[in-house]
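*Asks:* predicted model follows, preceded by the sequence.
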Amino acid sequence: MQIEPQISPMSIPGHFDPVPVPREVTPRADGRVDLIGLSRTQIAALFLDAGLDAKAAKLRAKQVFHWLYHRGVTGFDAMTDIAKTMRPWLAERFVIGRPEVVEAQVSNDGTRKWLLRTADNHDFEMVFIPDATRGTLCVSSQVGCTLNCRFCHTGTMRLVRNLTPGEIVGQVMLARDVLGEWPRGSMAAPDFDDAEDDEGTDYTPDGRLLTNIVMMGMGEPLYNFDHVRDALKVVMDGDGLALSKRRITLSTSGVVPMMARAGEEIGVNLAVSLHAVTKDVRDEIVPINRKYGIEELLQACADYPGASNARRITFEYVMLKDKNDRDSDAHELVRLLRQYGLPAKVNLIPFNPWPGAPYECSTPERIKRFAEIVFNAGISAPVRTPRGRDIDAACGQLKTAAERKSRAEVDRLLEEKQAALG
Ligand code: SAH
Ligand code: SF4
């Protein structure tokens, strides 16, 4: 009898099969707790535990929250409306952390890229992309990724762990530090929710460079749902970093069961990494498609709370030569978006090659033709200009470059040692 080969179902760790992650409130080696990433309620609970009465804990938490996230202070001494005697009490028990910067680079086009390190020594990336009308910070949600999209460099790394809310919010804090964007004057938080539609408007009313956040760094944000939600809630809080939900975009490769919750509990703009319109091709390049197929994914997009013509869903489509870039793919894309009645825009992303990548980028003519077909069907289809190519700014590349360098350094040291030994 012929025995059929057993195909094991793909197991995808993440929200359902949790990956290792430190607790949200984790004391450091010296016993002090980092407050960054915590909400007002969590801070009040810590103050209560540390001995303040309920009323004082709540009041102090409100003040400290404002100093942390709206003013960006990094020490308790700067908190001038908190009694001088209280400040050492805070400093003994708590710290105000930032991710450690391993490497920082600035591209000749203004793109900045950082390799950051967690307290337990894992490296991850953050990118800042300024352009004429906005400044976008690309934030990581995990160290590595459990999914293995074949064109994505992060997909070749194993997942180390989820980032904590503190490590996610910490990226935004660090970017504001570097860009020098903490307010110095009034303590009042500007009301960004009153800002016009973010399409093509100027910088935020107070002239800051960092205007938008995209969860498009390393990792799949919907496999670290709780931490991403908690972090973004802190980022959106009007008394803190105060970024409007209209200026934040969460990008997912298609974790269908978490999409409705993302709309309800976070409410930010949605971007979906579609990249292909047929089952065969999407199964190959975005393997989560084997678990949640294109139809299911597009239905979840159609049901996404808050999507409308004013707040369209972005479909990301990486242009891979002879893989997903034919005229027929463009026509099928249009048909699918229409079939599901999706308020959509399509971002065409030229593939950013990395050493050993199994694909090439489509030719500029092909990308232009593809864009025309989608655009002529009445769907906005901008081609994204590659940014920061001189500094390896594509997802996952700086981390690998740094590892390569450190290996090269190790080799050099070994050679020197051998030479010294004669
Ligand atoms: N995991 C999430 C968010 C991070 S990836 C997701 O997949 O949506 C952010 C975007 O960068 C995705 O659209 C991804 O497909 C794209 N991307 C990854 N590697 C790329 C590369 N080498 N060239 C172009 N785009 C890439
Ligand atoms: Fe993970 Fe997104 Fe890269 Fe896919 S594209 S491997 S989901 S980071």
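*Replies:* Looks like it arrived, so ask away. Ligands and ions are numbered 1, 2, ... in the order given.

*Asks:* what residues does the stretch 101-250 of the chain put near ligand 2?
*Replies:* For the stretch 101-250 of the chain, the contact set with ligand 2 under C-beta under 6 Å from any ligand atom comprises C145, L147, N148, C149, C152, T154, G155, G219, E220. For glycine as for every other residue, the C-beta is placed from the backbone atoms N, C-alpha and C.

*Asks:* filter these down to the buried ones and hand me the ChimeraX line.
*Replies:* Restricted to buried positions by 16 or more other C-beta atoms under 10 Å, the ChimeraX selection for those reads:
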select :145,147,148,149,152,154,155,219,220
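
*Asks:* what's the most distant pair in the residues of the stretch 101-250 of the chain next to ligand 2?
*Replies:* Maximum pairwise distance among those (C-beta to C-beta): 12.8 Å, between N148 and G219.

*Asks:* so, in contact with ligand 1 or not, the helix or strand harbouring F370?
*Replies:* Secondary-structure assignment from DSSP states H and E places F370 in helix 364-376. No: Helix 364-376 does not reach ligand 1 (C-beta under 6 Å from any ligand atom); its nearest approach is 12.2 Å.

*Asks:* with adjacent residues omitted, what lies nearest to L243?
*Replies:* Closest residue in space to L243, ignoring its immediate chain neighbours: V235 at 5.4 Å, by C-beta to C-beta, 6 or more residues apart in numbering.

*Asks:* and what of K345?
*Replies:* Using C-beta to C-beta, 6+ apart, the nearest residue to K345 is S380, at 4.2 Å.

*Asks:* got the residues of the stretch 251-400 of the chain near ligand 2?
*Replies:* Counting by C-beta under 6 Å from any ligand atom, the stretch 251-400 of the chain comes close to ligand 2 at S253, S273.

*Asks:* can you rerun that using 5 Å?
*Replies:* Neighbours of ligand 2 within the stretch 251-400 of the chain, by C-beta under 5 Å from any ligand atom: S253.

*Asks:* tell me where the model's unsure across the stretch 251-400 of the chain.
*Replies:* Low-confidence segments of the stretch 251-400 of the chain (pLDDT under 70): 392-400.

*Asks:* can you give me the domain boundaries for this structure?
*Replies:* Following automatic domain parsing, the chain resolves into domains at 30-95, 100-420.

*Asks:* can you count the residues close to the residue nearest to K345?
*Replies:* By other C-beta atoms under 10 Å, 14 other residues sit near S380.

*Asks:* from ligand 1, how far off is it?
*Replies:* Remark: distance between S380 and ligand 1 (C-beta to the nearest ligand atom, to the nearest Å) = 17 Å.

*Asks:* give me the spatial nearest neighbour of A344, chain neighbours excluded.
*Replies:* Leaving aside its sequence neighbours, A344 sits nearest to L337 (C-beta to C-beta, 6+ apart; 4.8 Å).

*Asks:* quickly find the element holding S328.
*Replies:* Here S328, judged by DSSP H and E, is contained in helix 327-339.

*Asks:* now the angle from whichever helix or strand comes after that helix to helix 327-339?
*Replies:* Going down the chain from helix 327-339, the next helix or strand is strand 344-350, by DSSP H and E. Relative orientation of strand 344-350 versus helix 327-339 (axes from the mean of the first three to the mean of the last three C-alpha atoms, to 10 degrees): 150 degrees.

*Asks:* ok, residues contacting strand 344-350?
*Replies:* Strand 344-350 is contacted from outside by 271, 301, 312-319, 333, 337, 361-362, 367, 370-371, 374, 379-384, 386, using C-beta atoms under 8 Å, 6 or more residues apart in numbering.

*Asks:* can you count the residues close to the residue nearest to L243?
*Replies:* Neighbour count of V235, defined by other C-beta under 10 Å: 25.

*Asks:* confirm that Y317 sits in a strand.
*Replies:* Yes: if the criterion is DSSP: H, G, I helix; E, B strand; the rest coil, then Y317 is within a strand.

*Asks:* excluding chain neighbours, give the residue nearest to R384 in space.
*Replies:* Spatial nearest neighbour of R384, excluding adjacent residues (C-beta to C-beta, 6+ apart): I349 at 4.9 Å.

*Asks:* any idea how far F315 is from the one you found?
*Replies:* Taking C-beta to C-beta, to the nearest Å as the measure, I349 falls 11 Å from F315.

*Asks:* who has more neighbours, those two?
*Replies:* Applying other C-beta under 10 Å to I349 and F315 shows that F315 carries more neighbours, namely 25 against 21.

*Asks:* perfect, I'm done here.
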